[in-house]
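S.K.: Take a look and give me a structure for this.
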Amino acid sequence: MKVRLLPALALAIAGLAHAQINVGVTLSATGPAASLGIPEKNTFDLLPTTIAGEKINWIVLDDASDTTRAVTNTRRLITENKVDVVVGSTITPNSLAMVDVVADAEVPMISMAASARIVDPANPKTRWVFKTPQSDSLMADAIAVHMKANGVQTMGYIGFADAYGDGWLGEIKRSAQTAGIKVVAEEKYNRNDPSVTGQVLKLVAANPDAILIGAAGTPGATPQKELVARNYKGKIYQTHGVANPDFLRVVGKDGNGTILPSGPMLVYEQLPDTNPIKNVAREYITAYEKRFGTRSTFGGHAYDTYLLLNATIPQALKKGKPGTKEFRTALRDALETANVVATHGVFVMTPNDHNGLDNRARVMVRIDNGKWTLVK
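M.R.: You can find the predicted model right below:
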């Protein structure tokens, strides 16, 4: 016997089925990017379960640092979980692959990966995409300025053979040219390569004043340790992709003296009290370290997605109910005008800038005996 529901009752039950805001997250908790994804996953475990009085359902999936799986997770979150917003992924290749999926479904997305290409305004599909990490372009400029100020005239580069590494190579070439620094050698390697001896030998033979490693997480230690083993005497730079404790553990004493740009939250204790980011970073890091141990800038990127949603969901609720196209569109619109003080900087989003960070979102740090030191 079939039971037929009155239209009004059916609508009421449908409304109860989505009486919450579904936030779908795909991140790299396993695979080569696990040292980045784990602190992100930990951070989502810390987050409140309500915003503006509405229940938040955080649905967190692992994409294992794999692009295909990130896309599969995104489709599943949209079609099966009916999410109102997608967060992720941890790394650039995965996030770039997700852009088409969220754009076609018209679901807003907040990436936790670095490449400026993720929010390239020249791509109409990025209308639905935002991101929390500092773009490689912003950080490349900081590296080039530091190099020039410290007498670097020639540099070499070794980075991932993927979208992250390619993006960094393009940006550092641009920044180096502006600074009058010549790139004399370029090499690539895969995230899971156990050895980069051949590439490093070519770099050392070119004898540049400095070498930038365009990598993220623990795989960034592979060329660093090889450069030290080959007695390279120039300056070694890394990207903000290695600003986590697992990199320090793996690189060990071979990391001493390395310079990199980072979000200010990494060294918030060393910031002046007038810095608006300091209190926000302190609040997050205190809670994170109490439960999970040493801080990671990647956890901060996850927390900053929450801060953006906490600021914009109340605005979206005025124009639509969770689970509707109206709510998703209103949330996208609200994100595009967000002005939020966060752990990594101050987000001032605009229609042409879906990252919204400026120079307040970067500091230069040095590794000294396994610790991060603010370069003043």
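S.K.: Val183 belongs to a strand, doesn't it?
M.R.: Yes: Val183: assigned to a strand according to DSSP: H, G, I helix; E, B strand; the rest coil.
S.K.: what sits up against stretch 358-367?
M.R.: When contacts are taken as C-beta atoms under 8 Å, 6 or more residues apart in numbering, the neighbours of stretch 358-367 outside the stretch itself are 134, 138-139, 142, 146, 240, 243, 248, 251, 255-264, 266-267, 271, 275-277, 344-346, 348, 372-375. No exception for glycine: its C-beta is placed from N, CA and C like everyone else's.
S.K.: mind running it again at 6 Å?
M.R.: 134, 142, 146, 255-256, 258-259, 261-262, 264, 267, 344-346, 372-375 (C-beta atoms under 6 Å, 6 or more residues apart in numbering).
S.K.: Pull out the buried residues from those.
M.R.: When burial is judged by neighbour count using 16 or more other C-beta atoms under 10 Å, the buried members of those are 134, 142, 146, 255, 258-259, 261-262, 264, 267, 344-346, 372, 374.
S.K.: pLDDT below threshold where in the stretch 251-376 of the chain?
M.R.: For the stretch 251-376 of the chain, no stretch is flagged by pLDDT under 70.
S.K.: and the chain, what are its domains?
M.R.: The chain breaks down into these structural domains: 7-134+281-358, 137-262 (assignment by automatic domain parsing).
S.K.: Kindly reformat those as CSV containing distance to Arg366.
M.R.: Formatted as CSV, the entries for the domains of the chain read as follows, by distance: least, C-beta to C-beta, whole Å:
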stretch, distance to Arg366
domain 7-134+281-358, 15
domain 137-262, 5
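S.K.: which one of those lies closest to Asp368?
M.R.: Taking C-beta to C-beta as the criterion, domain 137-262 is the member of the domains of the chain that comes nearest to Asp368, at 6.6 Å.
S.K.: List the buried residues of the helix or strand encompassing Gly165.
M.R.: Per DSSP states H and E: Gly165 is located in helix 163-179. When neighbours are counted by 16+ other C-beta under 10 Å, the buried residues of helix 163-179 are found to be 163-173, 175-176, 179.
S.K.: Show residues contacting that helix.
M.R.: Residues from elsewhere that reach helix 163-179, judged by C-beta under 6 Å, 6+ apart: 92-93, 96, 115, 136-137, 140-141, 144, 148, 157, 159, 183, 212, 214.
S.K.: can you tell me which of those are in helices?
M.R.: Taking DSSP state H as the definition of helices, these contribute 92-93, 96, 136-137, 140-141, 144, 148.
S.K.: Throw together a ChimeraX command that grabs the buried residues out of the residues you listed.
M.R.: Entered in ChimeraX, the line below selects the buried ones among those, by 16+ other C-beta under 10 Å:
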select :92,93,96,136,137,140,141,144,148
